[in-house]
Structures are given as structure tokens and as C-alpha cells.
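S.K.: the sequence and its predicted three-dimensional model are supplied below.
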Amino acid sequence: MCVAAGSAGAGLGGPPSVQTVSFVNGAGLSSATCAYVPVGTTISWTGPETSTTIVRTDATGVTTVQVVAHASGQATDNNSNSYAFDYSNAFRVSNSVDDPDTFTGTMTDHFSLAGPALQLSNGFTANLTTNFDVFVFDPINSRGDPIDFSNGSAHCDPL
């Protein structure tokens, strides 16, 4: 999973940023991480992810950070099969005057993949607590097998 956020001291938004992200080989989508992928199949992709970050601090000193990220495209597996995929992630967290370094809120995440050997639809909604170095998830609901909620590692949601 890719989570990007600017410093809480950053200004209000700006143009979307584009960064190169990937799921390839060891960090790709395979049966080693996702039980739904056929054994021996590894699905890979590298391409752009667009994200927008908005940071606002209200008159009381509470800062809210909102991040929305999206990537989509065509991935391929080690057998030259093509897959269409879509990924989106959004979260909104706020701190408090009493604890300005801890941000809490909600994250929604979705990853889907469609191709000849596999159809996946994974996602979750979780309460999120973060200092932007460490992300702690308390799942509200999930579908498929997106991530390991105890440590955030990817299962069937490689971005």
C-alpha cells in the first residue's frame, strides 16, 4: 500500500502530485502474498499514482490532513497475460491541541484487478492513527484480503 502525506505544517493543497509506484517481483502480487493468485503467477506493474494532499489548521490549532490517491492501468503476469486494475486510497485525519503529533481519522482503500487468470476486489475502511511515520489501522470492515492490519503489509492489495 502506498500512503503519501505532506508535513502537517504544509500549506493548503496545491496541484496533484504524481509519483511512480509499482507492484513488481518480490513486492508484486503473487501467491506468496495473496492466496487468491494462482501458484506460480506473479502480476507486475509500474506507473504513475496521482495524489492530492490538503492540510488545514483551524483557529483553535487543530490540523486536518486529507490525502486522496489513485492509480490505474494495465498490469501483466509472468505468462504475458494482461490485467486491468484500479487502486484508490483516501484518508482524512486530524490532531488535537493536546496531542499535536498524533492524527486520527478514517481511511478507505480499494484495489481491483481483472484478467484471464484472476478477478480481485479488495478493500477496507479503517480507523487510522498516525504520526506520519507509523500508521496504525483499526479495521471497520474489509473485503478480500487487502492487508495485514497488524503491520500494514500488503496481501492482495499491493499498492
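M.R.: All right, it came through fine. Numbers count the residues shown, from 1 in each chain.
S.K.: helix/strand/coil for Y36?
M.R.: Per DSSP: H, G, I helix; E, B strand; the rest coil, the local secondary structure of Y36 is coil.
S.K.: surely it and C156 touch.
M.R.: Yes - between Y36 and C156 there is a contact at 5.8 Å, judged by C-beta atoms under 8 Å. In short, each C-beta sits where N, CA and C put it, glycine included.
S.K.: common neighbours of the two, please.
M.R.: By C-beta atoms under 8 Å, 6 or more residues apart in numbering, Y36 and C156 have these common neighbours: L120, G144, D145.
S.K.: in stretch 118-130, which residues are buried?
M.R.: L118, L120, N122, G123, F124, T125, A126, L128, T130 (16 or more other C-beta atoms under 10 Å).
S.K.: the residues you listed in strands, which ones?
M.R.: L120, N122, G123, F124, T125, A126, L128, T130 (DSSP state E).
S.K.: who does the residue lying closest to F85 once chain neighbours are set aside form a beta bridge with?
M.R.: Once flanking residues are discounted, F85 sits nearest to L113: 4.5 Å by C-beta to C-beta, 6 or more residues apart in numbering. On the basis of DSSP bridges, L113 is bridged to F85, L120.
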